[in-house]
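Visitor: Need a 3D model of the sequence below.
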Amino acid sequence: MLELLRIKNLALIEDVELEFSPGLNTLTGETGAGKSFIMRAVDFLMGERMDKNLVRPGNEKASVEALFVLPEGETVIRRELSAETGRSRVYVNDALSSQPTIRDMRSKLIIHTSQHGQQKLLSPAFQSEILDSFIPDQSLLTQRNERLAVLKDVLERKHRLNEKYDDIEKQRDFLEYQKKEIDAVDPQPDEENDLEERKKILKDRERAGECLQNALDILHGEIGMLDNMTLLTREMEIIARLFPGFDEDREAIEELRIRLHDLDSRLRRGPGDMDEDEPMSLDDIEARLFELAKLKRKLKRGLDDIVTMKTEIDESLSFLDACALDMKNLSREEAAAATSLQGILAEVNKARKKAAKELSIRIVDELYDLGFSEHIKVHFEFDARELYPGCDDMRGRLMWVPNPGQPAQPLDKIASGGELSRFLLALVTMRGNNTKDHEALPSLIFDEVDAGIGGLTLNSVGGKLRALADRQQMLLITHWPQLASKADRHFFIKKEVLGGETYTRCDRLGTDAIMDELSRMAGGGEQGRALAEKIVK
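Guide: Predicted coordinates for the structure are as follows:
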């Protein structure tokens, strides 16, 4: 039950608070006063979109807040709309929530039936949904949807497989040409960088060999450094004995001579890595690099891309070979899924036809109570919609005969606005009757659903609305005093202009004010007052 609704800074509403009763609550007022907008605010609270321009000028945000009393306890929902960004935030019991969460909660909180609902009733698809909602075993529909989803998944995978096969098959000759070119060269991952590195090493070794030989020539030339250093050492020994001041110079020259002999030994041995085996010569490496470069020019790709492409080509060509087996397996899955769907559809279609007979009788009974002729006839006509060859989904469409002697025609072809209003009311009534726990029933909102109804029919509609409100809470927007008079709580919506600004006000009416409003609704003046008094009696 919707116990309390508060709207702040939304369009013409500055701050409105409505406390509803458990039974029938009516909202009346002149056309354009804002009655339907209050219900639109409830829709916004339940997840519908609202433009940021509807935030009252001069305010940062608008908010709608409601207190729902449910069997499991109280729930407070608040939604705020930013005037700057147009984004909204939702809170459930003061905890930040999400719009999908609120939309999921909506079905157990609110059923909003408006003139838009009448137009929806004209849709054959919606009529079929209504019929399905009256199937006792709803698990049949769940199974149908699940099995249909399985079949669609198989068909989608099969479609993707076919598309991929066709695409690769068109490129087969080109792929095989590319594969042949690549296989002939057989490039390896990172081979080009490896060859360049090896080429650099070989060139460095070649240069190092030349330098080693030059160094040895210097040490062992015609007048080699080693021989000269030996002679110099001998002379310095004599000089140092004669002149002690040259002793340090003698030691330095002796040390240099020893180091040059050591250098000579190491130069003759050469560096250790000069002895490493290199299977390829510089000419071999240059030839391989040229071969790789030619392949890159031919395929217009880098070497790494070519190596990757080789793997992809191999996979693509292997896919073509294996595709026949995959397609065969998918075809088996498809046949099994189709058979499974066919089986559940047979059960669903049987349940639909049975539900259609029972629902037709119940609709007629409800329509009798709403002022329709006793000659009215209603039934469902079924059209087969092929979901898959051999899998027909029978969709029900409402057919009716409002007057004797006429052929049955679709509801959407001949029903007037008033007739549609009563049809909608009858269906809502029956849906509620299907629920055993009436405390868990959502609040009903009827937004001028009585449009197009007049005369004695209003009494029938009023009685039905009153009986429905005794079972579950109802919010009713109406222009008819005959309906407003049945309310447990009456709210009057009006527009006021104060200080150059327009405001929508909402007042709960007392006994005297209710009579004044009913008189206005009945036409005003003495005649309106007399009619209002007659209605109340």
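Visitor: So which helix or strand of this structure has the lowest pLDDT on average?
Guide: helix 115-121 (a mean of 66; mean pLDDT, DSSP states H and E).
Visitor: so after that helix, what's the next helix or strand?
Guide: The helix or strand immediately downstream of helix 115-121 is helix 124-133, counting by DSSP states H and E.
Visitor: Let me see the mean pLDDT of that next one.
Guide: Helix 124-133 comes out with an average pLDDT of 87.
Visitor: Which stretches in the stretch 1-150 of the chain count as strands?
Guide: Assigned by DSSP state E, counting those that start in this stretch, the strands in the stretch 1-150 of the chain fall at 2-10, 13-19, 24-28, 61-70, 73-82, 88-92, 95-97, 110-114.
Visitor: Any stretches of the chain with poor pLDDT?
Guide: Applying pLDDT under 70 to the chain flags residues 114-118, 205-206, 208-224, 270-278, 412, 414-418, 432-440, 448-454.
Visitor: Not counting its neighbours along the chain, what's nearest the residue nearest the centre of it?
Guide: For the chain, the residue sitting closest to the mean C-alpha position, by C-alpha atoms, centre = their mean, is Pro100 at 10.5 Å. The spatially closest residue to Pro100, leaving aside those adjacent along the chain, is Gly47, at 7.8 Å (C-beta to C-beta, 6 or more residues apart in numbering). C-beta coordinates here come from the backbone N, C-alpha and C atoms, glycine included.
Visitor: That neighbour is in contact with Ser97, isn't it?
Guide: No: with contacts counted by C-beta atoms under 8 Å, Gly47 stays clear of Ser97, the gap being 10.6 Å.
Visitor: any idea how far the longest helix belonging to the chain is from the chain center?
Guide: For the chain, the longest helix by residue count, based on DSSP state H, is helix 303-369. For helix 303-369, the gap between its own C-alpha mean and the chain's C-alpha mean amounts to 22 Å (C-alpha atoms, centre = their mean, to the nearest Å).
Visitor: and whichever helix or strand comes after that helix, how far from the chain's centre?
Guide: Where DSSP H and E defines the elements, the next helix or strand beyond helix 303-369 is strand 377-388. Centroid separation between strand 377-388 and its chain, computed with C-alpha atoms, centre = their mean, is 32 Å.
Visitor: One more: stretch 167-181?
Guide: 39 Å.
Visitor: Dump it to CSV, restricted to CA.
Guide: Extracted C-alpha coordinates of stretch 167-181, given in CSV (Å, rounded to 0.1, in the frame of the first residue of the first chain):
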residue,chain,number,x,y,z
ASP,A,167,34.4,-15.9,-45.6
ILE,A,168,37.5,-18.1,-45.3
GLU,A,169,36.4,-20.2,-48.3
LYS,A,170,36.4,-17.1,-50.5
GLN,A,171,40.0,-16.4,-49.5
ARG,A,172,41.2,-20.0,-49.7
ASP,A,173,43.3,-19.6,-52.9
PHE,A,174,44.9,-16.4,-51.6
LEU,A,175,45.6,-18.0,-48.2
GLU,A,176,47.2,-21.0,-49.8
TYR,A,177,49.3,-18.7,-51.9
GLN,A,178,50.5,-16.8,-48.8
LYS,A,179,51.1,-20.0,-47.0
LYS,A,180,53.3,-21.3,-49.8
GLU,A,181,55.3,-18.2,-49.9
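Visitor: Which residues does that stretch contact?
Guide: The contact list for stretch 167-181 (C-beta atoms under 8 Å, 6 or more residues apart in numbering) reads 295, 298-299, 309-310, 313-314, 316-317, 319-320.
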